[in-house]
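Chemist: Have a look at this prediction, sequence included:
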Amino acid sequence: MTTRYSTTEWNNKKVILGETKIDEKKPVNLLVGFHGAGSTPENILVLGNRLTLQNTLMVFPEGPVNAGDGIWSWWEDGPQQKETVESFVTYTSQIIDSAHQHYSNIKGTLRTCLWGFSQGGAASLTYTLLGTRSLFKVASICGFLPEFSGPIIEKNEPLDILGIFGSNDEIVPSFLADHALEEMRSHGHQVASKETTQSHEINSENLQDLCDFFNA
């Protein structure tokens, strides 16, 4: 099924939308994809385009932190991390609100899902802990948790979370990724954790796992 892509602007930031024919009689997944640090929405879109998803609308926002040379991040590393993580949470709530407003004509149930790679995977996990908007499913590939000071927002229902990470990841060591997923479990979420031999990448097996997870 062909996905049509278009670029728009929400809250003065670029957003790429991926739309396909949906059945409004069934729940519709609104899948927000977070790119890695120092990257662009186009980079995660290329991977998202390889997903075969059922009844899904895709949103690829641009990170709020300017990393220079036309690339973006979700927060700053270093001494400003805690403060910029807090700003990221507010920004992501605005993205989710804008997406639901954009698709307000859909009569069926619209379920917000998150996924991302590297800092984008960290973004999906971090918003799950700190964000106030309702979520359905969350996936992280080679993700971790940054430093943050905001209170954990306990969800009414535990979320299904998929975490994939590599034992040969030279950027995000496996112990950091595993720790992040254990933190999600400690807050009552249902976590499927998968350690592979991959490096810091998204491969075809990861994409199939994402399809199986979000289509289930």
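Modeler: Arrived safely, thanks for sending.
Chemist: Just give me the neighbour total for residue 160.
Modeler: The number of residues packed near residue 160 is 18, by other Cβ atoms under 10 Å. For every residue, glycine as well, the C-beta is placed using N, CA and C.
Chemist: I'd assumed residue 212 was in contact with it.
Modeler: No - the pair residue 160 / residue 212 is not scored as a contact, 11.8 Å apart, by Cβ atoms under 8 Å.
Chemist: where does this protein dip in pLDDT?
Modeler: Scanning the chain for pLDDT under 70 picks out 1.
Chemist: Recalculate using a threshold of 50.
Modeler: When residues are selected by pLDDT under 50, none of them lie in the chain.
Chemist: What ranges does it have for its helices?
Modeler: 41-48, 81-102, 119-130, 174-186, 204-215 (DSSP state H).
Chemist: JSON lines for those helices, including mean neighbour count and distance to residue 156?
Modeler: As requested, the helices of the chain are arranged in JSON lines below (neighbours: other Cβ atoms under 10 Å; distance: least, Cβ to Cβ, whole Å):
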{"stretch": "helix 41-48", "mean neighbour count": "19", "distance to residue 156": "28"}
{"stretch": "helix 81-102", "mean neighbour count": "18", "distance to residue 156": "16"}
{"stretch": "helix 119-130", "mean neighbour count": "26", "distance to residue 156": "13"}
{"stretch": "helix 174-186", "mean neighbour count": "17", "distance to residue 156": "16"}
{"stretch": "helix 204-215", "mean neighbour count": "16", "distance to residue 156": "21"}
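Chemist: Nearest to residue 61, out of those helices?
Modeler: Taking Cβ to Cβ, helix 81-102 is the member of these nearest to residue 61, at 4.9 Å.
Chemist: quick one: contacts of that closest one?
Modeler: Helix 81-102 is contacted from outside by 8, 10-11, 15, 17, 30, 32, 59, 61, 64-65, 74-76, 110, 112, 123, 126-127, 130-133, 146-150, using Cβ atoms under 8 Å, 6 or more residues apart in numbering.
Chemist: quick one on the thing from earlier: mind checking which of the helices of the chain is nearest residue 3?
Modeler: helix 41-48 (8.7 Å).
Chemist: If you count contacts, what does that closest one end up packed against?
Modeler: Identification of packing neighbours for helix 41-48 by 3 or more Cβ pairs under 8 Å, 6 or more residues apart in numbering; DSSP states H and E yields strand 13-19, strand 28-34, strand 56-61, strand 110-117.
Chemist: how far off strand 13-19 does it point, in degrees?
Modeler: For helix 41-48 against strand 13-19, the angle by axes from the mean of the first three to the mean of the last three Cα atoms, to 10 degrees is 20 degrees.
Chemist: Understood, closing this out.
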